[in-house]
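Student: show me how the following folds:
(chains A and B)
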Number of protein chains: 2
Amino acid sequence: MSLQTLKAEPRIIFFDVIETVFSLAPLGDKLTELNLPAGTDRLFFAQLLRDAFALSASGVFQPFPDIAKGTLAVLLHSLGREADETTLKEILGIFSQLPAHQDVKPALERAKNSECQAVLLTNGSRANTEKLVRDNGIEHLVDDIVSVEDFSIWKPQPELYRLAALKYSCAPANALLVAAHAWDVHGAIQAGFHGIWIQRHESFYHPLMGSPDGQVTSLVDAVDLGVQLLQ
Amino acid sequence: MSLQTLKAEPRIIFFDVIETVFSLAPLGDKLTELNLPAGTDRLFFAQLLRDAFALSASGVFQPFPDIAKGTLAVLLHSLGREADETTLKEILGIFSQLPAHQDVKPALERAKNSECQAVLLTNGSRANTEKLVRDNGIEHLVDDIVSVEDFSIWKPQPELYRLAALKYSCAPANALLVAAHAWDVHGAIQAGFHGIWIQRHESFYHPLMGSPDGQVTSLVDAVDLGVQLLQ
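Tutor: Numbers count the residues shown, from 1 in each chain, chains lettered A, B, ... in the order given. Predicted structure coming up:
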């Protein structure tokens, strides 16, 4: 193998999407507007992941929007609230209206100026992620989007990260995941990726999850460290 | 195979433990006493399961008490609270002081008078479950306890339910799970068990999880239906 071939091997920084790139704050605002108890947004998101991971554990794949709808209906019922189609649609519609965190644009520009590609890797749907990218005006900075729908496997099953890297003929060791969730970083590391954890809502890394290569508070720092790790 | 042998084939009603048999209400009381926001108990339990399922998805087994401790530390941090050893211990100690729901004793007595065995099947630890059973004075009504620790596999991975049944040479079709959580009933059904869902905290069954053989509001009804299904 020539040195040139070695250099041409892809280096990819994968970015988790919900919370890592796009803020979930509007979900909290919407639930407050509907007079739901404070913290219902965090509870909903945790239960949604719990249910998705449970389905996944039994080998059943269901897409994010469908699981989200079911979990939300169960949660609203348990809070003694109406879970009619209008309410469900109004709340779930928020997932297609999330703003990018302020450090996203400069971070992706940094990646653009490096030899690393920037790929979004989401448990959400591809169509929704494309909309968020477009609406936030960052499509020129994102090389590609991979949704778990593409492989019918949810994160954090290590197989999913491996398949995502394989799509670009990228060795896991040349791939890195940046995510705000310890369970996501954990899955990537188990797949042989590098992993960087970014503090968003959570400020403490779960001690039982695989140790990240770095813990940062800004996505710009994550990219800088990522580029360095993938050299 | 003689008729006698057929009759001797075991019929087992497995009972989920936390929330299904023992109430989690004291957890909420304790967190309220510590001035944590209302609903922190639900959030903690959902995040604990999310993290456990995530670890499980990557083939990593960690016992309940250790995951619970990590998840609670992360949660307390994100709420801007001290996560010192004393606080963690005080909160986690609640899991060993849960009262049985009022319908548990009569339900287990019903099972005792049937040809079905009553086995507790828990994601929690065996030692803790033994303590809860003893403290609640129901040890004479419980035939056995199976903890995920025995097989190093978490519910709702179908393999776990199959192994639990195999321990008693019980065919999955002669086994039934009663649980308050749709994801648990789902896993059991995927393993070939019968499944009955009991309303405890949640009042609506997640529409994407495998359909239970019955939905009940009392554990006595669950046992009556279970005995009938396993005849």
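Student: neighbours of residue A:107, how many?
Tutor: If you count neighbours by other Cβ atoms under 10 Å in any protein chain shown, residue A:107 ends up with 27. Every C-beta, even on glycine, is put in place using the N, C-alpha and C of the backbone.
Student: same question for the one 5 residues further on.
Tutor: Other residues within reach of residue A:112, judged by other Cβ under 10 Å, total 15.
Student: skipping its backbone neighbours, what lies nearest it in space?
Tutor: Take residue A:112 and drop its neighbours on the chain: the residue closest to it by Cβ to Cβ, 6 or more residues apart in numbering or on different chains is residue A:141, 5.7 Å away.
Student: burial count for residue A:149?
Tutor: 19.
Student: tell me where chain A has helices.
Tutor: A:3-8, A:25-33, A:40-57, A:64-78, A:85-92, A:104-112, A:126-135, A:158-166, A:182-190, A:219-229 (DSSP state H).
Student: could I get those as TSV with distance to residue B:152?
Tutor: Formatted as TSV, the helices of chain A follow (distance: least, Cβ to Cβ, whole Å):
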stretch	distance to residue B:152
helix A:3-8	41
helix A:25-33	36
helix A:40-57	14
helix A:64-78	27
helix A:85-92	37
helix A:104-112	39
helix A:126-135	36
helix A:158-166	18
helix A:182-190	16
helix A:219-229	32
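Student: point out the most buried one among those.
Tutor: Of all the helices of chain A, helix A:182-190 carries the top mean neighbour count, a mean of 27, counting by mean count of other Cβ atoms under 10 Å in any protein chain shown.
Student: is that one up against chain B anywhere?
Tutor: Yes. Judged by Cβ under 8 Å from any Cβ of the partner chain, helix A:182-190 comes into contact with chain B at A:182, A:183, A:186, A:187, A:190.
Student: report the contact partners of the first one.
Tutor: Going by Cβ atoms under 8 Å, 6 or more residues apart in numbering or on different chains, residue A:182 touches A:197, A:202, A:205, A:206, A:209, B:51, B:74.
Student: recalculate using a threshold of 10 Å.
Tutor: By Cβ atoms under 10 Å, 6 or more residues apart in numbering or on different chains, the contact list for residue A:182 reads A:156, A:195, A:197, A:202, A:204-212, B:51, B:54, B:70-71, B:74.
Student: run through chain A and note the low-pLDDT ranges.
Tutor: In the predicted model, chain A carries pLDDT under 70 at residues A:1-8.
Student: dump the longest strand along chain A to CSV, keeping only the CA atoms.
Tutor: Longest strand in chain A, counting residues (DSSP state E): strand A:116-122. Provided in CSV are the C-alpha atoms of strand A:116-122 (Å, rounded to 0.1, in the frame of the first residue of the first chain):
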residue,chain,number,x,y,z
CYS,A,116,-12.1,14.8,8.2
GLN,A,117,-15.6,14.3,6.9
ALA,A,118,-18.5,15.4,9.0
VAL,A,119,-21.4,12.9,9.1
LEU,A,120,-24.5,13.1,11.2
LEU,A,121,-25.5,9.8,12.8
THR,A,122,-29.0,9.7,14.2
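Student: same for it, what does it pack against?
Tutor: With contacts taken as 3 or more Cβ pairs under 10 Å, 6 or more residues apart in numbering or on different chains; DSSP states H and E, strand A:116-122 sits against strand A:11-15, helix A:104-112, helix A:126-135, strand A:144-147, helix A:158-166, strand A:175-179, helix A:219-229.
Student: want to throw these into JSON lines with distance to residue B:217?
Tutor: Shown next, in JSON lines, are the helices and strands packed on strand A:116-122 (distance: least, Cβ to Cβ, whole Å):
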{"stretch": "strand A:11-15", "distance to residue B:217": "45"}
{"stretch": "helix A:104-112", "distance to residue B:217": "48"}
{"stretch": "helix A:126-135", "distance to residue B:217": "37"}
{"stretch": "strand A:144-147", "distance to residue B:217": "39"}
{"stretch": "helix A:158-166", "distance to residue B:217": "39"}
{"stretch": "strand A:175-179", "distance to residue B:217": "40"}
{"stretch": "helix A:219-229", "distance to residue B:217": "48"}
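Student: near residue A:152, how many other residues are there?
Tutor: 12.
Student: residue A:97 versus that one, what's the distance?
Tutor: Distance check for residue A:152 against residue A:97: by Cβ to Cβ, to the nearest Å, it reads 26 Å.
Student: cool, and residue A:16?
Tutor: 19 Å.
Student: and those two? which has more neighbours close in?
Tutor: A direct count of neighbours by other Cβ under 10 Å for residue A:16 and residue A:97 places residue A:16 higher, at 24 against 13.
Student: can stretch A:82-91 be said to contact chain B?
Tutor: Yes. Using Cβ under 10 Å from any Cβ of the partner chain, we find that stretch A:82-91 touches chain B at residue A:83.
Student: can I get that stretch as PDB, trimmed to CA atoms?
Tutor: Only the C-alpha atoms of stretch A:82-91 are listed here, as PDB (Å, rounded to 0.1, in the frame of the first residue of the first chain):
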ATOM      1  CA  GLU A  82     -55.600  13.600  26.800                       C
ATOM      2  CA  ALA A  83     -53.400  11.800  24.300                       C
ATOM      3  CA  ASP A  84     -55.500  12.700  21.200                       C
ATOM      4  CA  GLU A  85     -54.000  12.900  17.800                       C
ATOM      5  CA  THR A  86     -53.900  16.700  17.800                       C
ATOM      6  CA  THR A  87     -52.000  16.900  21.100                       C
ATOM      7  CA  LEU A  88     -49.600  14.100  20.000                       C
ATOM      8  CA  LYS A  89     -48.900  15.800  16.600                       C
ATOM      9  CA  GLU A  90     -48.400  19.200  18.300                       C
ATOM     10  CA  ILE A  91     -45.800  17.900  20.700                       C
END
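Student: off-centre distance for that stretch?
Tutor: The chain centroid and the centroid of stretch A:82-91 are separated by 25 Å under Cα atoms, centre = their mean, to the nearest Å.
Student: identify the residues contacting the residue nearest to residue A:121 when sequence neighbours are not counted.
Tutor: Nearest residue to residue A:121, sequence neighbours excluded (Cβ to Cβ, 6+ apart): residue A:14, at 4.2 Å. Contacts for residue A:14 (Cβ under 10 Å, 6+ apart) come out as A:117-122, A:144, A:146, A:161, A:164-165, A:168, A:170, A:175-179, A:184, A:188, A:193-195, A:226.
Student: 7 Å - rerun?
Tutor: A:119, A:121, A:164, A:175, A:176, A:177 (Cβ atoms under 7 Å, 6 or more residues apart in numbering or on different chains).
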